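Novice: Following is a predicted model, sequence given first.
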Amino acid sequence: MAVRTGLVSVTFRQLPADEVVEVAAGAGLAAIEWGGDVHVPLGNLATAKRVKALCEDRGLAIAAYGSYLRAGSVDREEMRSAVATAEALGAPRIRVWAGNVSTAEAGVGDRMAVTRGLAELADVAASAGIEIAMEFHRNTLTDEVDSTITLLLDVGAPNLKTYWQPPVDLSDAQCLEQLEALMPWLTTVHVFSWWPSNTRLPLSGRESLWRPVLSRLAAEDREINALLEFVADDSPDRFAKDAADLHSWI
């Protein structure tokens, strides 16, 4: 199957939704993950429907609803609101966060709460045919591979999946090991080049990582999203170059 390229809307928080759509379409991308912080606020169904229509007009798919729900501290009403928002947006999955404590600092209670929270989120979303996908991120229980896989297995819901993105300062080889371990549950990769530390580089700055990552994704027999997230100087012009590089490597 093909790798589907796209944009995470938080890359351009400063732009209104219609301009985000134009940036993505102009760069030849296929999909957008819409964030719940600015562009499609939680529970704002009218905005979700309007953004869906903007995408349809430009032939763009909706990759996901990027919520900021933290499993383990979300009530049932928020869960239902997130599902309703994703439905209005036409999103096949909701991105969530695995708590707000790192694996190293989490106690048994933290892990139990996040596991229960993910199970409940997956259950609520399943009734609407929607996936739940965990952000792979520091300061959560998906800050490393073993903990992420443990959550996936402990919850055991067929609609619970995971994202992956390269942890800051991890070598190419270590990143590729992580990707391989998570592949059975992987739906989406967030694509950016921050190296070293939090320095934002042009995407080409880590071509040595992204070429093999994209090759590995393309070897799967299903569609996986490769979504550009963040760009040097928040520049649409630089973003266009990053998107062109991404397409050339695929």
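Specialist: Yep, it's here. Numbering: from 1, shown residues only.
Novice: Pull out the buried residues from the strand ranked longest in the chain.
Specialist: In the chain, with assignment by DSSP state E, the single longest strand is strand 61-70. Neighbour counts over strand 61-70 (16 or more other Cβ atoms under 10 Å) mark 61, 62, 63, 64, 65, 66, 67, 69, 70 as buried. C-beta here means a position set from N, CA and C on the backbone, and glycine is covered the same way.
Novice: Can you check my assumption that residue 129 lies in a strand?
Specialist: No: using DSSP: H, G, I helix; E, B strand; the rest coil, the secondary structure at residue 129 is coil, not a strand.
Novice: Now for it, how many residues are close by?
Specialist: 10 (other Cβ atoms under 10 Å).
Novice: Surely residue 15 is in contact with residue 23?
Specialist: Yes: between residue 15 and residue 23 there is a contact under Cβ atoms under 8 Å: 7.1 Å.
Novice: between these two, which one's more packed in?
Specialist: residue 23 (20 against 17).
Novice: Please name the residues that touch the closest residue to that one other than its chain neighbours.
Specialist: Counting by Cβ to Cβ, 6 or more residues apart in numbering, residue 236 is the residue found nearest to residue 23 once chain neighbours are left out, at 5.2 Å. By Cβ atoms under 8 Å, 6 or more residues apart in numbering, the contact list for residue 236 reads 12, 15, 23.
Novice: what's the longest strand of the chain packed up against?
Specialist: In terms of contacts (3 or more Cβ pairs under 8 Å, 6 or more residues apart in numbering; DSSP states H and E), strand 61-70 is packed against strand 3-8, strand 31-35, helix 45-57, helix 76-89, strand 93-97, strand 224-228.
Novice: List the buried residues in stretch 11-18.
Specialist: Applying a neighbour-count criterion of 16+ other Cβ under 10 Å, one finds 11, 12, 15, 17 buried in stretch 11-18.
Novice: Apologies, that question was intended for stretch 126-141.
Specialist: 126, 130, 131, 132, 133, 134, 135, 136, 137, 140, 141.
Novice: rewinding a little: quick check on the residue nearest to residue 23: phi, psi?
Specialist: phi -60, psi -30 (degrees, to the nearest 10).
Novice: so where's this protein shaky on pLDDT?
Specialist: For the chain, no stretch is flagged by pLDDT under 70.
Novice: which residues sit against the lengthiest helix in the chain?
Specialist: Longest helix in the chain by number of residues (criterion: DSSP state H): helix 108-126. Defining contact as Cβ under 8 Å, 6+ apart, one finds that helix 108-126 is touched by 69-74, 76, 79-80, 82-83, 86, 94, 96, 98-99, 101, 106, 131-132, 134, 141, 151, 154-155, 157, 159-160.
Novice: didn't residue 28 look like it was pressed against residue 243?
Specialist: Yes: counting by Cβ under 8 Å, residue 28 does reach residue 243; the two are 6.4 Å apart.
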